[in-house]
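Student: here are the coordinates; sequence isn't available:
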């Protein structure tokens, strides 16, 4: 059974966005639904058509069975549903063409064995209501199909989520363009997991999001001209030569007369030596400092101290110092590139190697400075043997340069091969993240494959059983018998045999090549001519009797199905109303589940009295109403529990009088509050006139009689015009300008009722308080 209608969208104008009120009672075996004309009853009946598999454009819904299983649009509901509404009539009973579709009913009396076989086959398909364990192959098929859909949904969810993860990891356009289909396609290429280590994942993640950077120049040390030999040398080689030469010069000594003051004071020694050579160069015998004549003995002493060997050693030292002073700024000018110029994944390595380079650079510069100092010091100690202390670590410095250049080379290669590197990083990341769902998806694929096999096996079995049922049904069913049933019931309903159904016979070849007669439909005849000019009551009777017989055809089992009947009495007189009730009662009493929708209070009372006639019926019946409200000035329908007054009052007149009083008191100048008044006011006014002016004439003529009795003509005309012109309107047909008039006319309607029949008004007004 259907226990709840949780949600409806896009069903007609009024059920465009319905959500079930959580306080609404669940549906039972029998469900009576009352609603005024235009409230949405027929629209709601079309929902059941949609549940049964009829295509209803844009319809969305969610229903729930008694076990809590939910079904949505596009999903197969296990119970068969047959709906009587205007769509059913148009599809099956062509009144204007005087014909109807054929029905095949069972001939059970003569074929007990075949019927038993059919029933057993149906139990295999639909399950056994007595044996709760035997759910039937259709139920099992639905379960497998539901499990498959659930697993497919779970699988889709995994690819949707992993696609988001991959899009975020890759960045750029992939964040927008990489979706579930791309993830599924990528996964199809995986044969084994390809997960990355933490370090590789970080590296590839950085590469995938990295933009292309510019080429960085390698660190190069320019050549230096060796003044000693007049050639250009690589600094590495030149430093090696200087190192060797420095050791030699520091170790070397020359013969000279030692002037103790010079030996003790290097600065004085340098100053005097420079002055000695200047005086010699300018052939001056006078001291340029004190202008006194330099003694000859002093000149000879200085010549012995600053001799040629000494000068040669010092000149050699000056050459080394000069080379070192040229090398120093060259090394000092070497700068590592800015960290930000490197690709993100290289920056950590650059930090380490760059730091090592800078340390080696500062170390070699410090050692060059020390070496220069040692060489300069030697110039004042040419007669002494010195050991070289400052030894620049030339090899380490150039190792650090090479290490840094290796990172620069990787960076430059990445730039040169940027698209290939980025493409590889993206691919590795995709495979990594897809690998994280590898086991789960493989398990789901295995489960889905197994379910597919089970579903196909069940479909074959179900098809074979249905074929067996159809073959056996063909032997025991009869479209002629259905025609007889329709005619018999139609005669009972109408009280005459003037209208009859006649089988439409056609011939077609059988399997043996011989022609056989088949019933393709029925002609609706009045006497010996096609029925025409049928009254509305006859049309309704024909359609409803056809439906009642149709409930017993070979394709529908009422005791296990759902029967939905929408207003079968809209055009029937009071006598036919009882006939319709009798036929409906007998056709639906054993229904698996029944929904009856009506706007007729009298018909509703017949149904309610039937269902309240026994404790069993009472227990299995629930009562509802379809009401309307306005949301953002748009009319919408909703299902609610039936008003208590509908159950309590014996006549619709009492109920509508009470409702009209309530609406009179609730008027707030809104369309929502005024919309329903014209129809209710007309019913109340027409019923009141029936006994206030019991002359059997039309409402307009009755009003003319009241005018003769001196009742207010203007109020009577206003009431007639309002109730006659504004009733049976649609949501788009109610003029907002009539809202103020609605308040005025309703007030005047009650005033006129009290004026015309004070005693009656007093009684009914008190009874409905």
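Tutor: Noted; the coordinates are in hand. Quick caveat: nothing in here was measured; it's all calculated off a predicted structure.
Student: Tell me who's in contact with residue 99.
Tutor: By CB atoms under 8 Å, 6 or more residues apart in numbering, residue 99 lies in contact with 504, 521-524. C-beta coordinates here come from the backbone N, C-alpha and C atoms, glycine included.
Student: Tell me the buried residues in the strand or helix carrying residue 10?
Tutor: Element membership for residue 10, per DSSP states H and E: strand 2-11. For strand 2-11, burial by neighbour count (16 or more other CB atoms under 10 Å) applies to 2-6, 8, 11.
Student: same deal with stretch 20-27?
Tutor: Residues of stretch 20-27 classed as buried: 20, 27 (neighbour count, 16+ other CB under 10 Å).
Student: low-confidence ranges in the stretch 251-400 of the chain?
Tutor: Residue ranges of the stretch 251-400 of the chain with pLDDT under 70: 254-266, 273, 276, 296-297, 299-309.
Student: For the biggest helix by length in the chain, enumerate the helices and strands it packs against.
Tutor: The single longest helix within the chain, with elements called by DSSP state H, is helix 438-476. Applying 3 or more CB pairs under 8 Å, 6 or more residues apart in numbering; DSSP states H and E, one finds that helix 438-476 makes contact with helix 112-126, helix 137-170.
Student: Tell me what angle it forms with helix 137-170.
Tutor: Note on geometry: by axes from the mean of the first three to the mean of the last three CA atoms, to 10 degrees, helix 438-476 and helix 137-170 are set 150 degrees apart in direction.
Student: now helix 438-476: mean pLDDT?
Tutor: Taken as a whole, helix 438-476 has an average pLDDT of 88.
Student: buried sites along that helix?
Tutor: Buried-residue list, helix 438-476, by 16+ other CB under 10 Å: 438, 441, 444, 447-448, 451, 454-455, 458, 462, 465, 469, 472-473, 476.
Student: What ranges does the stretch 301-450 of the chain have for its helices?
Tutor: In the stretch 301-450 of the chain, helices defined by DSSP state H, counting those that start in this stretch lie at 308-333, 344-378, 394-416, 418-435, 438-476, listed in chain order.
Student: Of all those, which one comes closest to residue 581?
Tutor: Between residue 581 and the helices of the stretch 301-450 of the chain, the tightest spacing by CB to CB is seen for helix 438-476, at 31.3 Å.
Student: Please state the offset of the closest one from the chain centre?
Tutor: Between the centre of helix 438-476 and the centre of its chain there are 30 Å (CA atoms, centre = their mean, to the nearest Å).
Student: swap in stretch 327-341?
Tutor: On the basis of CA atoms, centre = their mean, stretch 327-341 sits 56 Å off its chain's mean C-alpha point.
Student: What distance separates the opening and closing residues of that stretch?
Tutor: Terminal residues of stretch 327-341 lie 28 Å apart, using CA to CA, to the nearest Å.
Student: repeat for stretch 726-743
Tutor: OK, stretch 726-743 end separation, CA to CA: 14 Å.
Student: domains for the chain, by residue range?
Tutor: In terms of domains, the chain is parsed into 224-256+307-417, 650-767 (source: automatic domain parsing).
Student: hey, where'd the strands end up in the stretch 201-350 of the chain?
Tutor: For the stretch 201-350 of the chain, the strands defined by DSSP state E, counting those that start in this stretch occupy 224-226, 231-233.
Student: Out of those, which one sits most buried?
Tutor: Sort those by mean neighbour count, taking mean count of other CB atoms under 10 Å, and strand 224-226 sits at the top with a mean of 18.
Student: in terms of contact, does residue 542 touch residue 487 like I think?
Tutor: No. Taking contacts as CB atoms under 8 Å, residue 542 lies outside contact range of residue 487: 10.8 Å.
Student: out of these two, which sits in the busier spot?
Tutor: Remark: of residue 542 and residue 487, residue 542 carries more neighbours, 23 against 18, as counted by other CB atoms under 10 Å.
Student: Now for that one: which residues touch it?
Tutor: Taking CB under 8 Å, 6+ apart, we find residue 542 in contact with 93, 95, 100, 490, 499, 524, 534.
Student: if you set the cut-off to 6 Å instead, what comes out?
Tutor: The contact partners of residue 542, by CB atoms under 6 Å, 6 or more residues apart in numbering, come to none.
Student: Tell me the pLDDT of it.
Tutor: So residue 542 comes in at 85 (pLDDT).
Student: Give me the distance between it and residue 84.
Tutor: 12 Å (CB to CB, to the nearest Å).
Student: quick one on the thing from earlier: quick one, which of the helices and strands packed on helix 438-476 is nearest to residue 272?
Tutor: Among the helices and strands packed on helix 438-476, the nearest to residue 272 by CB to CB is helix 137-170 (77.5 Å).
Student: Give me the buried stretch members for that closest one, please.
Tutor: If you call a residue buried by 16+ other CB under 10 Å, then helix 137-170 has these buried ones: 137-138, 140-148, 151, 155, 158-159, 162-163, 165-167, 169-170.
Student: packing partners for it?
Tutor: If contacts are counted by 3 or more CB pairs under 6 Å, 6 or more residues apart in numbering; DSSP states H and E, helix 137-170 sits against helix 112-126, helix 180-187, helix 418-435, helix 438-476.
Student: at 8 Å instead, please
Tutor: Contacts defined by 3+ CB pairs under 8 Å, 6+ apart place helix 137-170 against helix 112-126, helix 174-177, helix 180-187, helix 198-209, helix 418-435, helix 438-476.
Student: Export those as CSV, with columns for distance to residue 633.
Tutor: Converted to CSV, the helices and strands packed on helix 137-170 look like this (distance: least, CB to CB, whole Å):
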stretch, distance to residue 633
helix 112-126, 47
helix 174-177, 39
helix 180-187, 40
helix 198-209, 51
helix 418-435, 50
helix 438-476, 48
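Student: Looking at the ones you listed, which is nearest to residue 312?
Tutor: Short answer: helix 418-435, nearest of the helices and strands packed on helix 137-170 by CB to CB, at 59.9 Å.
Student: List of residues touching that closest one?
Tutor: Residues from elsewhere that reach helix 418-435, judged by CB under 8 Å, 6+ apart: 162, 165-166, 169-170, 174, 183, 186-187, 190, 193-196, 200-201, 203-205, 207-208, 210, 212, 414.
Student: make it 7 Å
Tutor: Contacting residues not belonging to helix 418-435 are listed as 162, 165-166, 169-170, 183, 186-187, 190, 193-196, 201, 204-205, 207-208, 212, 414 [CB atoms under 7 Å, 6 or more residues apart in numbering].
Student: Equivalent analysis for stretch 664-681, please.
Tutor: For stretch 664-681, contacts defined as CB under 7 Å, 6+ apart pick out 36-37, 629-630, 633, 656, 659-660, 663, 722-723, 726-729, 734, 736, 739-740, 742-743, 746-747, 749-750.
Student: and those residues, which are buried?
Tutor: The neighbour count (16+ other CB under 10 Å) marks 36, 656, 659-660, 663, 722-723, 726-727, 729, 734, 739, 742-743, 746, 749-750 as buried among the contacts of stretch 664-681.
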